[in-house]
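**Student:** Pasting a predicted model and its sequence here:
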Amino acid sequence: MNLLKRATFIFSEQPLSLALGSFPTKQSSLTKTNPPATSSSRPRRSKKRFANMSLEKLMEKFLEQSMEAEDNFYRLEEQRLQAEDKRREEEHSRELQMLQMLGQIFAGISTPSPAPQATPQPSCISQTNPTVPLTHPPCGNRNHPPALTEFASHSQPAGPGLLMEEVIERSFSLGTTAMDSVIPLVRKTIPPLTSKKHKGQDGRIGIIGGCQEYTGAPFFAAISALKVGADLSHVFCTKDAAPVIKSYSPELIVHPVLDGPNAVEEIEKWLPRLHSLVVGPGLGREEMLLKNAKEIIERSKLRGIPIIIDADGLWLVAKEPSVIQGYQRGILTPNFMEFTRLYEAMHHEPLDSTDHKRSAQQLSIAMGHLTLVLKGEEDIITDGKNMLTCNQEGSGRRCGGQGDLLSGSLGVFAHWAFSSPPDAAKGMNPSLVAAFGATSLTRQCNRQAFHKHSRSTTTSDMIQEISSAFKKLFES
Ligand SMILES: NC(=O)C1=CN([C@@H]2O[C@H](COP(=O)(O)OP(=O)(O)OC[C@H]3O[C@@H](n4cnc5c(N)ncnc54)[C@H](OP(=O)(O)O)[C@@H]3O)[C@@H](O)[C@H]2O)[C@@H](O)CC1
Ligand SMILES: Nc1ncnc2c1ncn2[C@@H]1O[C@H](COP(=O)(O)OP(=O)(O)OP(=O)(O)O)[C@@H](O)[C@H]1O
């Protein structure tokens, strides 16, 4: 009761408005709306009334009242945490603004020094052509994503009055600028760990994938998301894949719905709670599963959810590019095989594999400036206007599942980047920042795991390294 009084007092000091839409809520506390009983409103219980009551009834009454008090307490706590969350977000945004101002002051008085060895050396080739402005989609508040029109852009071959060839030539002629290290930008998007947050606030990620043949891929993606720092990781898979995935880990929330009769509706129910979606790991290529995945993508776009498309999800995109074309919160993560398939589907001609950067940029532009991560010896990340390459040292070990680690991690980094204040990424497309975070982390995990296990390294070994690799890259 003391706690209840305290919570009531805090609440009365700060009147709050409720916005529970995307928060995980204790259903019982929200459906009951009875106000806490106060001394003036509570009916007086006479001794006679108690005397006439059976012990059972008394217990029932007592339980009812204590449940009410508990519900009220949770409701008030929920409101207090939301207010706290908002206050911290504002504080974080102010701090970032100050840091940025300081950065500008220092940039004016000092020359850049090379990035330290421990961090990856990104080659950041930025667009300087004034006719194609550096733009990125607006960053939404994590609870109130902007409307669809704010993300959708139509595929443009290049800037106004400019040949695509010219854009490519000019942007590549700038060469490598290590001073534009992207790691500090990634760091700025990582939410601070505080005791004031509740479960779910740092990320609720959904994976669409997992079928009879492939249960490892969705598991790798989902567990990597958790290890990177998401609070909850959901897997939406087929009925027969679910018990297998559940048996790998009790930490995952597994929904056996992807091949059910109401798959889309079942998954759509969860969309308001998800911060990002990874479509494709272990999805398979069965017509019905691809159709359901397509519909889920369409509905997620309407909500402005960042969508990472990998593996068999890219098979779907190669067949129907319009499913994601122009969606500025979409990120594609092809390996070279998947890239070739996509490129040839879009350009109707064989890929010229002599210049990967150029081809990646062409594909991104054709896809409506979607962010593309072409994985390989060096990872090429481009939105058609800017290009980063991640050369973080990995190893020669190419076991299956590394791409799943990458896409699961990217789900989290994308959520963080898009929900950060706009100045955190210093004007860079949040998708690029997120992709650089995920590729450098994956490669660092590969390197560390290889150091311990050499030829025996597996993706599970790499997942074990996420914690220390993350610390090394982003928290040291
Ligand atoms: N444990 C699990 O459950 C795992 C499940 N997984 C799941 O498997 C599903 C299918 O995915 P996928 O990548 O095997 O399919 P697909 O695109 O047909 O490629 C097949 C062919 O492409 C080639 N090839 C591949 N990479 C290349 C490259 N970089 N450069 C050049 N060529 C390359 C290669 O050809 P080969 O060398 O054999 O001639 C290969 O045979 C998908 O759902 C995925 O998530 C995986 O995540 C792994 C862990
Ligand atoms: N030749 C390479 N040298 C160094 N790193 C590489 C090389 N090829 C791929 N990688 C890294 O491995 C990770 C996964 O890329 P990969 O091409 O194996 O994906 P994938 O085929 O989609 O994986 P999956 O087996 O999960 O389907 C990426 O982070 C990429 O940077």
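**Tutor:** Alright, I've got the coordinates. Ligands and ions are numbered 1, 2, ... in the order given.
**Student:** Close to ligand 1: what parts of the stretch 301-450 of the chain are there?
**Tutor:** Within the stretch 301-450 of the chain, the positions near ligand 1 by Cβ under 6 Å from any ligand atom are 311-312, 335-338, 400-401, 403-404. From N, CA and C alone the C-beta is placed, and that goes for glycine too.
**Student:** Quick check: of the residues you listed, which lies closest to G326?
**Tutor:** Distances from G326 to those, taken as Cβ to Cβ, are shortest for E338 (19.7 Å).
**Student:** Quick one: neighbours of the closest one, just the number.
**Tutor:** Applying other Cβ atoms under 10 Å, we find 24 other residues in the vicinity of E338.
**Student:** Shouldn't it be within a strand?
**Tutor:** No - counting by DSSP: H, G, I helix; E, B strand; the rest coil, E338 is not part of a strand but helix.
**Student:** Please name the nearest non-neighbouring residue to it.
**Tutor:** Nearest-residue entry for E338: L314, 4.5 Å, with adjacent residues in sequence omitted and distances by Cβ to Cβ, 6 or more residues apart in numbering.
**Student:** tell me the secondary structure for the one you found?
**Tutor:** Under three-state DSSP, L314 falls in the helix class.
**Student:** so which residue of the chain comes closest to ligand 2?
**Tutor:** G403 (2.4 Å; Cβ to the nearest ligand atom).
**Student:** Run through the residues that contact that residue.
**Tutor:** 281, 310-311, 333, 335, 375 (Cβ atoms under 8 Å, 6 or more residues apart in numbering).
**Student:** I'd like the residues of the stretch 301-450 of the chain next to ligand 1 laid out as a markdown table, including pLDDT.
**Tutor:** Shown next, in a markdown table, are those (pLDDT from 0 to 100):
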| residue | pLDDT |
| --- | --- |
| A311 | 98 |
| D312 | 98 |
| N335 | 98 |
| F336 | 98 |
| M337 | 98 |
| E338 | 98 |
| G400 | 98 |
| G401 | 98 |
| G403 | 98 |
| D404 | 98 |
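**Student:** Out of the contacts of G403, name the ones that lie in strands.
**Tutor:** Judged by DSSP state E, strands contain none of these.
**Student:** Cross-check those residues against ligand 2 and keep the overlap.
**Tutor:** Within the contacts of G403, those near ligand 2 by Cβ under 6 Å from any ligand atom are 311, 335, 375.
**Student:** Looking at those residues, which is nearest G206?
**Tutor:** Using Cβ to Cβ, the ones next to ligand 2 among the contacts of G403 come closest to G206 at A311, 15.3 Å.
**Student:** Now for the ones next to ligand 2 among the contacts of G403, which sits with the most neighbours around it?
**Tutor:** Neighbour-wise, these (other Cβ under 10 Å) top out at A311, 27 neighbours.
**Student:** element containing G411, please.
**Tutor:** Using DSSP states H and E, the element containing G411 is helix 402-419.
**Student:** What's the mean pLDDT across the helix or strand following that helix?
**Tutor:** Later in the chain than helix 402-419, the nearest helix or strand by DSSP H and E is helix 430-453. Averaged across helix 430-453, pLDDT comes to 98.
**Student:** could you check whether the next helix-or-strand element following helix 430-453 is close to ligand 1?
**Tutor:** Counting by DSSP H and E, the element after helix 430-453 in chain order, helix or strand, is helix 459-464. No - applying Cβ under 6 Å from any ligand atom, one finds helix 459-464 separated from ligand 1 by no less than 7.2 Å.
**Student:** residue contacts, A414?
**Tutor:** Contact analysis of A414 by Cβ under 8 Å, 6+ apart lists 276, 306, 308, 329, 331, 430-431, 434.
**Student:** Try it again at 10 Å.
**Tutor:** Residues in contact with A414 (Cβ atoms under 10 Å, 6 or more residues apart in numbering) are 189, 203, 205, 275-278, 305-308, 329-331, 371, 430-431, 433-435, 437-438.
**Student:** same deal with A425?
**Tutor:** Contact partners of A425, counting by Cβ under 10 Å, 6+ apart, are 136, 139, 182, 185-186, 188-189, 417-418, 431-434.
**Student:** Spell out which residues of the stretch 251-400 of the chain are next to ligand 2.
**Tutor:** 311, 335, 375-377, 379, 394, 398, 400.
**Student:** Select from those residues every entry located in helices.
**Tutor:** Judged by DSSP state H, the subset of these located in helices is A311.
**Student:** Serialize the residues of the stretch 251-400 of the chain next to ligand 2 to TSV and add fields for distance to S322.
**Tutor:** Below are these laid out as TSV (distance: Cβ to Cβ, whole Å):
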residue	distance to S322
A311	20
N335	23
K375	24
G376	27
E377	31
D379	26
G394	34
R398	33
G400	30
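**Student:** now, which of the residues of the stretch 251-400 of the chain next to ligand 2 sits nearest A217?
**Tutor:** A311 (6.5 Å).
**Student:** Give me the nearest residue to that closest one, chain neighbours excluded.
**Tutor:** G280 (4.1 Å).
**Student:** now that neighbour: how far from I297?
**Tutor:** 10 Å (Cβ to Cβ, to the nearest Å).
**Student:** between those two, who's got more neighbours?
**Tutor:** Remark: of G280 and I297, G280 carries more neighbours, 30 against 23, as counted by other Cβ under 10 Å.
**Student:** which regions of the stretch 151-300 of the chain sit below the pLDDT cut-off?
**Tutor:** Scanning the stretch 151-300 of the chain for pLDDT under 70 picks out 151-180.
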